[in-house]
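Novice: This is a predicted model, with the sequence first.
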Amino acid sequence: MSEFFYITGNDGMASLIEPWCAMLSAQRPEQEFQLSLAGSSTAIMALAADACLLAPMSRAPWAQELAAFRNVKGYLPSGIQVGWCGHGPRAGAKTPPAIWLHRDNPLAGLSMAQLAAVFSSGSPQGDITCWSQLGLGGAWLHRRIHLYGLRDDGKYASAFRRAHLANRPFPRHYEPLPDRRAVLDAVAADPFSLGAVGWFNAAAFGDGVRVLPLGQHEGDFFMPDAEAVQAGNYPLGSAVTLWFDLPPGGVPEPRLAAFLQLVLSDVGQQAVAAQSSSPEGYLPLNPAMLHAQRQRLQQLIDGRGKQ
């Protein structure tokens, strides 16, 4: 008798989900998968409605999605990270979330503390509003930093603010624009600006802008290339996470546990690595992170882990 396993989530992850499903079907012939991959915005809502067993996402859930799940269930969903999404810039592929600047701007990079002081108001270390505060001279010496980004409407900009700016507000001189293309257009026309956007095919945009290297510590900066993203060194890297409903004190049902174990197995991670050159640019976990996620999953299966 067939046993249906419903998966709802990210629309770019079929190249990962389908091989994993085929592997598990070979082990469990009674297992039949039903995929509805229409976008990450469908994932948590479907999970809250008991419309799926697994919800894959290539971004962190937005605050309103988690709040809606909690309102229905009384607790938050659980997730296991299984890889990374995006690296670049690469021709024909999306660059991960990044800070962009004019190609002629000489800034070498920003620490995350500096980034927060630039893009938010009320930093404990003091706000950074002028290029001279970042050590730039010449044409930038007496100029203020112009900021462009997306609207603070509960989506990317709001998630960026909560995750990286300590939930502080954007400063008054932050200019919200309607889409990512508009942000990069503004940055390309303004040498004194920085722009914050999510995934974007920058190679198709042209060479008027460049990605700003970032790091946790000043002077130790990383581009969002494959090596830095996989190592967890690029601060805005996007995790690929499989979300599921696990009540407090509960354990994953056997078919869910089997799927997650397969994804974290060597062969499951090889399926991720096989997509590293795809437009989505999926990357497997590095050995240390893989070990940590395997341990966490086993703790959940044993009833010893925190959701």
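Specialist: The structure has been received and is ready for your questions.
Novice: How confident was the prediction at the spatially closest residue to residue 96 that is not a sequence neighbour?
Specialist: The shortest distance from residue 96 to any non-neighbouring residue, by CB to CB, 6 or more residues apart in numbering, is to residue 86 (3.8 Å). Bear in mind the C-beta positions are built from the backbone N, C-alpha and C, glycine included. pLDDT for residue 86: 93.
Novice: What about residue 86, how many residues nearby?
Specialist: 28 (other CB atoms under 10 Å).
Novice: Check the average confidence over stretch 3-11, would you?
Specialist: 93.
Novice: Going forward, the N-terminal residue is numbered 767.
Specialist: With the count now opening at 767, the last piece we talked about shows up as stretch 769-777.
Novice: Show me how far that stretch is from its chain's centre.
Specialist: Centroid separation for stretch 769-777 versus its chain: 20 Å, with CA atoms, centre = their mean, to the nearest Å.
Novice: would you list every one of the helices in the stretch 867-1016 of the chain?
Specialist: 878-885, 922-930, 946-954, 992-997 (DSSP state H, counting those that start in this stretch).
Novice: Residues contacting the second one, please?
Specialist: By that I understand helix 922-930. For helix 922-930, the surrounding residues in contact (CB atoms under 8 Å, 6 or more residues apart in numbering) are 825-826, 828-829, 863, 878, 881-882, 885-886, 915-918, 933-936, 942, 962-964, 1001-1002.
Novice: Please spell out which residues along it are buried.
Specialist: 922-927, 930 (16 or more other CB atoms under 10 Å).
Novice: Contacts only, for residue 1047.
Specialist: By CB under 8 Å, 6+ apart, the residues touching residue 1047 are 851-854, 856, 859-860, 992, 1041.
Novice: Narrow the residues you listed to those in strands?
Specialist: residue 851 (DSSP state E).
Novice: Pick the one among the contacts of residue 1047 closest to residue 1028.
Specialist: Sorting the contacts of residue 1047 by distance to residue 1028 puts residue 1041 at the head of the list, at 16.2 Å, by CB to CB.
Novice: low pLDDT regions in the chain?
Specialist: Judged by pLDDT under 70, the chain has its weakly predicted residues at 767-768, 969-970, 1072-1073.
Novice: how close does the most centrally placed residue in it get to residue 877?
Specialist: Geometric centre of the chain, nearest residue: residue 1004, 2.4 Å, by CA atoms, centre = their mean. Distance, residue 1004 to residue 877, using CB to CB, to the nearest Å: 20 Å.
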